[in-house]
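J.: got a predicted model here, sequence first, then my questions.
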Amino acid sequence: MEIVFILFEYFVFFYASLIVIFYMMLGFLSIKKIISYKTYNSKKDEEFILHSPLTPGISVVAPAYNEEVSIISNVHSLLSLIYPVFEVIIINDGSKDKTLELLIEEFELIETPYAYIEKIKTKPFKRIFKSTNPKYTALVIVDKENGGTKADASNAGVNVAQYPYFLCTDVDCILNRETLSKMIKPILNSNTNVIAVGAALRMSNSCDVDSGVIKQVKPPRALIPRFQEVEYIRAYLFSKMGWSEINCIPNISGGLGLFNTDIAIKSGGYDSESHAEDMDLLTKMTVFKINNNQDYKVEYIPISCCWTEGPPNLKILMNQRVRWATGLAQIFRVHKRVMLNKRYGRLGLVTFPFAWTFEFLAPIVELLGVIYFIFLIIKGDVNWIMAKYIFFYSYTFSIMIGTMAILLDNYVEKHYRTKYEVLKLWFIILLEPFIYHPLLIFFSIKGYFNFFTSRKMEWGTMTRQGVNTKEQKSNTNLES
Amino acid sequence: MFNYILKYIEYLWISINSFPVIIRISIYFIFFSCLLIIFFFLGVFLTRKVKNKHENLIKEIQPKIIDFFNKILYSDKLYEKGSVLQLFNERFRDIKTKNKKTIISSLEKIIDDDNDILFSKNYKILISDLDIVEILEKNIDSSNNKVRFKSIQTFSKLNLTISDSKILPHTYSNKENLYKEARSSYVTISNNDPFKFFDEEYELNEWDQINLLHQFRLHHKDKLPNFSKWIKYSKNKSQISFFIKMIRIFKQKSSIFSLLELLNNDDITIRAETIKAIGELEYQSSEAQLIKMYDNEPFLCQKEIIKALSHFKIKKGIPFLKEAYFNASTNELRKVIAEVIFLYGVEGKQLFKKLKKQESGFNLLILKHIENPLIPSELKNSLSKKKYEIGSSFSNPSLTASI
């Protein structure tokens, strides 16, 4: 038995060291990619895109389910995007609240005959609404039966999309007004077919918002969204930019992704049964290109284009992360033929094995490590001096990665007004391994458990608290 | 004191070496991480400092420079050589040596707001007095890619010319983005042969095409070459496709016979692009040929043939459209045909009415969809507005959906 314990100790150390090595490589790649992006892209490019007859159209697809609190301001925000040719498709996925009624009233909608061609199978489509007000010509409202997942609703939106590219987002997301021109650039500026583009997401909690536009970015006041802010900055600027450099991006976030409409449809669209529909779609699109012997690229841009309201409390965070973990487990089952299959090139030999080893397995290895550590404490076998070094080994690494992500964030764009705000974020990095990370491990294990015990999950509903709008601020002033 | 520190380091070194390998690796790594944390941490604040400085320059000095330039550029008075520099030095004293970047970016901003300022009688004097060309030529030889890239762009934006010996090395750079930008800008900034790179075969992606079109519209609107000569000799599909688009956009009707030859091209996208151009150039004599081609073409080309007919609007097209409508293999194609029938003048409207009486189910829904004025389409837009025609304003007034 003793030999098993020793082997386990060595395994954990080398597993952790491999993570360190891979992440350092990713860090190097992301720096390279971000510098290259900053070198060859400028505001001038957007001007060209905005005024060119060669610019392709984009359909913005945003599913909505019980979003009565924020739907009106969010649709106004989507309609205010700056781009020459686009439409905004809102899919009311059988909302039980007043989402549809509010939309009809605000945007002067009427039911209109529409030749809906079901290119991707969805739950029954009911009707289409269009606005009688010429101000809202670009708005299309799709009303359909509830499909239980965001994927089903998004598919209905893709069926209606008339442009060669569609941007999938959540209706509660606040987009940078130049999002479309920034995200289309990597597609235009490539000799290889770019099938999808992602951009960085951040937390809208505590930001100042006016008429659906972010006026001042601030780190979230509440602890949980602030942890997420750091997590997102690290995930997008550190990890995804690095993967993008070697064309091995595992997924484009469901909150914001620009996709080639034709390839998405030919790949079968979003999987309505999937809880990681974003990763599933990208995997299917990639597999489609590989099966047809066509070159492809998936790109990420380091610009923060989307602000989303992060779960404000533990319960909602748990729902979200359990769903993500279930989805990750689901992906490896659904696409098992891709894993270690050399036919699928980088996807099969790099992206999938890495995601399985260091994302799917990590919570399990960490949990086993904690259990084993408690066992050693009980047995009185812990060499505390050595344990201290091992702890600092991973702790300093996590601080180093977090600090580097904050540096990259400031290099790309200076979002926070004061140094104090940056420091507030940096202190969170020091706390993260003790508070936030253990929670995420617990939620992931719960998600895996749900998946392997086949528990049913539905639309990730979230109680919206809203963002700091001008109106809210003036009310607060009056109250005070 | 120094000896004490040395002894302590020695003690640490001996203690570390007495630990097991794994712990030793961990300790070295902790040191490494700590150093990087300090480096990145300082980097954050240094980066912010540089950006703050730049923001302040933009906020405080740029408006003043813009105001100064505007007064000169919009003045009726013709300034003499040297007078602009003298006025600038009087007003801004040592700004020229410290903030050359701000001077150039201010000038770019003025041109962004009003491109016609390039033709101001004082523009050339301002450029020469402030040594703009010299500054940019120096930047173009910089070892920093970003500076080189930006200065090439600025040359073209300010409508300045440069000798081939300065720009040509960059048009063959091993940095793809740099050489493509240099080649696109060459169209504007070369004082020798601006279109020389069209004789060479290289890949033109969609961004290069947008960039080149922008240069044409900005600087060559009235002196464009005939693109058909490159269509004939180029073997590169992306280049051929680009030249077809240019013929369409700049309405080069004299190139129509080169386009007709491309109707037999093996590449689907080139054929589709050609059909689109023939349609928009309204070359009605090609109608019979297009109709003859229709049945043997893939969906993309069939769609373009149908759309091309909508531009011709001659009576002969109606029977063909009717037949194509009934034989359409997909609902999507039927939708396009129905839309063209609807937009095909009086005869088309009559046929559309007949079809509405005749059809039922989903086909009837297609017809109702088409005639619904609340549902916009690319075809309706292009036929009603004929937007983006040369001579019209560059800027599309409806960039946001809510306008």
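T.: That came through, no problem.
J.: so residue A:224 sits against residue A:312, correct?
T.: Yes - in terms of Cβ atoms under 8 Å, residue A:224 counts as a neighbour of residue A:312; the distance is 6.5 Å. Bear in mind the C-beta positions are built from the backbone N, C-alpha and C, glycine included.
J.: longest strand of chain A?
T.: strand A:297-308 (DSSP state E).
J.: adjacent strands (with direction) for it?
T.: Neighbouring strands of strand A:297-308 in its sheet, by DSSP bridges, are strand A:174-175 (antiparallel), strand A:194-203 (parallel).
J.: pull out the buried positions in the longest one.
T.: Along strand A:194-203, these residues count as buried under the neighbour rule (16 or more other Cβ atoms under 10 Å in any protein chain shown): A:194-203.
J.: with adjacent residues omitted, what lies nearest to residue B:84?
T.: Closest residue to residue B:84 apart from its sequence neighbours, by Cβ to Cβ, 6 or more residues apart in numbering or on different chains: residue B:129 at 3.9 Å.
J.: for the one you found, give its distance to residue B:82.
T.: Distance, residue B:129 to residue B:82, using Cβ to Cβ, to the nearest Å: 6 Å.
J.: more neighbours: which of those two?
T.: residue B:129 (21 against 11; other Cβ atoms under 10 Å in any protein chain shown).
J.: below-threshold pLDDT in the stretch 151-300 of chain A: ranges please.
T.: Along the stretch 151-300 of chain A, no part satisfies pLDDT under 70.
J.: let's go with 80 and repeat that
T.: For the stretch 151-300 of chain A, applying pLDDT under 80 flags the ranges A:211.
J.: what ranges do the helices span in it?
T.: Taking DSSP state H, counting those that start in this stretch as the criterion, the stretch 151-300 of chain A contains helices spanning A:179-188, A:223-233, A:241-245, A:261-266, A:277-291.
J.: do the same with the stretch 151-300 of chain B
T.: Under DSSP H, counting those that start in this stretch, the stretch 151-300 of chain B gives helices at B:164-171, B:176-189, B:206-219, B:228-233, B:237-249, B:256-262, B:268-280, B:287-294, B:299-312.
J.: cool, the stretch 1-150 of chain B as well?
T.: B:2-17, B:21-60, B:62-73, B:83-92, B:95-98, B:100-113, B:123-129, B:132-140, B:145-157.
J.: single out the most deeply packed of those helices.
T.: Across these, the average number of neighbours (mean count of other Cβ atoms under 10 Å in any protein chain shown) peaks for helix B:145-157, which reaches a mean of 21.
J.: what does it rub up against?
T.: Outside of helix B:145-157, the residues within contact range by Cβ atoms under 8 Å, 6 or more residues apart in numbering or on different chains are A:38-40, A:42, A:44, B:104, B:108, B:111, B:136, B:139-142, B:162, B:167, B:170, B:175, B:177-178, B:181-182, B:184-185, B:187-189, B:215, B:219.
J.: report the buried members of these.
T.: The buried subset of the contacts of helix B:145-157 - by 16+ other Cβ under 10 Å - is A:39-40, A:44, B:104, B:111, B:136, B:139-140, B:162, B:167, B:170, B:175, B:177-178, B:181-182, B:184-185, B:187-189, B:215, B:219.
J.: just to revisit the earlier point, what is the nearest of the buried residues of strand A:194-203 to residue B:325?
T.: residue A:195 (33.4 Å; Cβ to Cβ).
J.: state the distance from that closest one to residue B:65.
T.: 45 Å.
J.: show me which residues of the stretch 201-350 of chain B are close to chain A?
T.: Proximity of the stretch 201-350 of chain B to chain A (Cβ under 8 Å from any Cβ of the partner chain) is limited to residues B:203, B:205-211, B:213-214, B:245, B:249, B:331-332, B:335.
J.: by neighbours, which of these wins?
T.: residue B:211 (27 neighbours).
J.: list the contacts for the residue nearest to that one when sequence neighbours are not counted?
T.: In this structure, residue B:211 finds its nearest non-sequential neighbour in residue B:184, 4.3 Å apart by Cβ to Cβ, 6+ apart. By Cβ under 8 Å, 6+ apart, the residues touching residue B:184 are B:156, B:208, B:211-212, B:215.
J.: just the closest residue of the stretch 101-250 of chain B to chain A, please.
T.: residue B:207 (3.7 Å; Cβ to the nearest Cβ).
J.: quick one: that residue and residue A:185 touch, right?
T.: Yes - between residue B:207 and residue A:185 there is a contact at 6.9 Å, judged by Cβ under 8 Å.
J.: name the residues contacting each of those two.
T.: Common neighbours of residue B:207 and residue A:185 (Cβ under 8 Å, 6+ apart) are residue A:45.
J.: looking at the helices of the stretch 151-300 of chain A, which is nearest to chain B?
T.: That would be, of these and by Cβ to the nearest Cβ, helix A:179-188, which comes in at 4.0 Å.
J.: anything in the closest one near chain B?
T.: Yes - interface with chain B: helix A:179-188 contributes A:185, A:187-188 (Cβ under 8 Å from any Cβ).
J.: among those residues, the buried ones, what's the PyMOL command?
T.: Those of the residues of helix A:179-188 next to chain B that count as buried under 16+ other Cβ under 10 Å are selected in PyMOL with:
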select buried, chain A and resi 185+187+188
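J.: which among the residues of helix A:179-188 next to chain B gets closest to residue A:267?
T.: residue A:187 (16.8 Å).
J.: show me what the closest residue to that closest one other than its chain neighbours is bridged to.
T.: Spatial nearest neighbour of residue A:187, chain neighbours left out: residue A:194 (4.4 Å); criterion: Cβ to Cβ, 6+ apart. Note on residue A:194: beta-bridge partners residue A:297, judged by DSSP bridges.
J.: I'd say residue A:194 and residue A:186 touch.
T.: Yes - look at residue A:194 against residue A:186 with Cβ under 8 Å: they come within range, at 5.7 Å.
J.: any common contacting residues for the two?
T.: residue A:299.
J.: picking up where we left off before, and the residue nearest to residue B:84, how far from residue B:102?
T.: For residue B:129, the distance to residue B:102 (Cβ to Cβ) stands at 16 Å.
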